[in-house]
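Visitor: Give the three-dimensional model of this entry:
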Amino acid sequence: MPFAKRLIRAGAFVSKEINEVRRQPRLILSLILGPFLILFLFGIGYKGEETSLSGIFVLPQQGGFSTDIADYQKLVGGQLQIKSVTTDLQSALDALNKHEVELVVQVPADISQTISSGAQVKVPIYFNEVDPLRRDLIIYLTYVYANEINKQTLAEAAHQSQVNAGDVRATLLRVRNSLAAVEQRLAAGDISGASQESQALPGSITNVQLGLVILSQLLASDSTLVKQPEPQDPNQVNIAQSGNIAQKLNADIQALNDELSKPAPDPVVARQRIAAVREDVDTLDKLTQQFQSINPLVLAAPFTAEAKNTASITPNFTAFYAPGMLVLILQHMAVTLAALSMVRERMLGTVELFRVAPIRASEILTGKHISFMALLGVVAGALLLMMSNEFTIGDVHLSLRVPILGDWLYLVLTLVLVVFASVGLGFLIAAISKSESQAVQLSMLVLLASVFFSGFFLRVETIWEPIQAVSYALPVTYGIADLQTIMLRGGTPQPLLLLGLAGLGVLFSLISYVLLKRELSRG
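Guide: Coordinates of the predicted model:
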């Protein structure tokens, strides 16, 4: 029957393909174990993004600030590891640009005056980052640090208020005792004694009220960041000096009472004492008005972070991932072309001709290297043109507008080394593959490993150090780091990364040469 014949013919191909795969145990192992091994290594190797950053505190030149790192470490908590404390902002920024630290925190010089004027203190926090995700994380953490500073500062003020609460209660107790004594004298008809008891009162209760104001405690304290300001203009009202003003008022009241208690008070001196008390009262009135005009937000959060990115540009996601995508495409094309080329030579029987022809393994690999590098050089140039040109038609841009801030010489050198190392890796895959399907599968596993371990979408630093060996066995890892430095930062790539990339290419090529030479000599 025609239908049965069709089933038989189709079944023949089923058995043929199953037997074809069964005769290739390497292919089966790579299909099953390859992806599992990559995911397993990624699972045990990924540590997650570090939320604890390293930083330098830059202090004002004047003000008597502590240089002990422990004082500032306690202030910000464990989320920021302070490497050093300095007064040189430029040296700290140099360390930041060299990526020795991730943050530079500059302590303002006029903290007390700024809060007194009713404004929040802006704490400049410098960072240098082009990765959009990392940049957003750092900006978020700056607000966390500012909140931590607010908490610690207010906690110190509250502690000092608790200490001063004992003095306030003692003052209130003395007032009650004096009032009781005045009442007793009045009840007994002793007017002179009552006047004497009245003169013994400990002064104005304004001192008690101001002592309970947390802002006064904050500004008058000597904490890690908030320092007593230098002496101000006598005509200027300063909230930080409220305690001194209240003490002066009490002293002037006492002096007035002393004068009035004399048998024959001097009118001139009495008027001078009254004028002094009146001046103190006027000053405290201005002080109260100034305190009332302060925004309550300043009382609750005197510090606010002001994040400043020192990177040359702030690229969007497209521009940031474009260099990595370029390197990933070039590596995959180079690995696939080189692997399939050598496997196809074997499958077509060309290797048998190589065995009897006067040609060496080094000559075969050199010729293929040159051809693939030339081809991929054209591809790289076309991709760069499409990514970075500024051609537009109307309002439609014909490129991704990816910036290239660095030297083109280093850019070309990096791309040449990436292609060189990737072609060598492709030859190595071809040397251990017995069929095109095996070569394709191994090339795809390299691509999968590159996505997970190269730093394309997760930084290499977030991977467990022993597993980072997989990252640095891939050419794309070096290429992404170098191209991001050249294109997005305008810097020069690290010589060690360029040497590592060249070393990988030489190593892969040497191993491929040894295996190909053995295969040719075996015939």
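
Visitor: Tell me the buried residues in stretch 487-496?
Guide: For stretch 487-496, the neighbour count (16 or more other Cβ atoms under 10 Å) marks 487-489, 491, 493 as buried. C-beta coordinates here come from the backbone N, C-alpha and C atoms, glycine included.

Visitor: Of these, which belong to helices?
Guide: Among those, no member falls in helices (DSSP state H).

Visitor: so which pair among the residues you listed is furthest apart in space?
Guide: Pairwise distances across these peak at 12.1 Å for Leu488 and Pro493 (criterion: Cβ to Cβ).

Visitor: before we move on, back to that, could you single out the nearest of the buried residues of stretch 487-496 to Thr310?
Guide: Arg489 (10.6 Å).

Visitor: what packs against the host helix or strand of Leu483?
Guide: For Leu483, the element it lies in under DSSP states H and E is helix 475-483. Applying 3 or more Cβ pairs under 8 Å, 6 or more residues apart in numbering; DSSP states H and E, one finds that helix 475-483 makes contact with helix 317-347, helix 408-432, helix 436-453, helix 495-522.

Visitor: quick one, strands of this protein?
Guide: Along the chain, counting by DSSP state E, strands occupy 53-58, 80-86, 103-106, 121-127, 303-309, 392-393, 396-397.

Visitor: Return the most buried member of the ones you listed.
Guide: Comparing these by mean neighbour count (mean count of other Cβ atoms under 10 Å), strand 103-106 comes out on top with a mean of 23.

Visitor: Adjacent strands (with direction) for that one?
Guide: strand 53-58 (parallel), strand 121-127 (antiparallel) (DSSP bridges).

Visitor: Save those as JSON lines, and put in distance to Gln468 and mean pLDDT too.
Guide: Below are the strands paired with strand 103-106 laid out as JSON lines (distance: least, Cβ to Cβ, whole Å; pLDDT from 0 to 100):
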{"stretch": "strand 53-58", "distance to Gln468": "19", "mean pLDDT": "90"}
{"stretch": "strand 121-127", "distance to Gln468": "24", "mean pLDDT": "87"}
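
Visitor: Tell me which of those strands lies nearest to Phe372.
Guide: The closest of the strands paired with strand 103-106 to Phe372 is strand 121-127. By Cβ to Cβ, the value is 40.9 Å.

Visitor: can you list contacts of that closest one?
Guide: Strand 121-127 is contacted by residues 92-93, 96, 102-108, 111, 114-115, 135, 138, 142, 145-146, 149, 302-310 when judged by Cβ atoms under 8 Å, 6 or more residues apart in numbering.

Visitor: 6 Å instead?
Guide: The contact list for strand 121-127, computed with Cβ atoms under 6 Å, 6 or more residues apart in numbering, reads 96, 103-106, 108, 111, 114, 138, 142, 302-310.

Visitor: ditto for stretch 497-508
Guide: 417, 420-421, 424-425, 428, 475, 478, 481-482.

Visitor: Out of the residues you listed, which is nearest to Ser443?
Guide: Nearest to Ser443 among those, counting by Cβ to Cβ, is Leu425 at 9.1 Å.

Visitor: what number of residues lie near the closest residue to that closest one other than its chain neighbours?
Guide: Leaving aside its sequence neighbours, Leu425 sits nearest to Phe508 (Cβ to Cβ, 6 or more residues apart in numbering; 4.9 Å). Residues contacting Phe508 under the criterion other Cβ atoms under 10 Å number 25.

Visitor: Great, nothing more from me.
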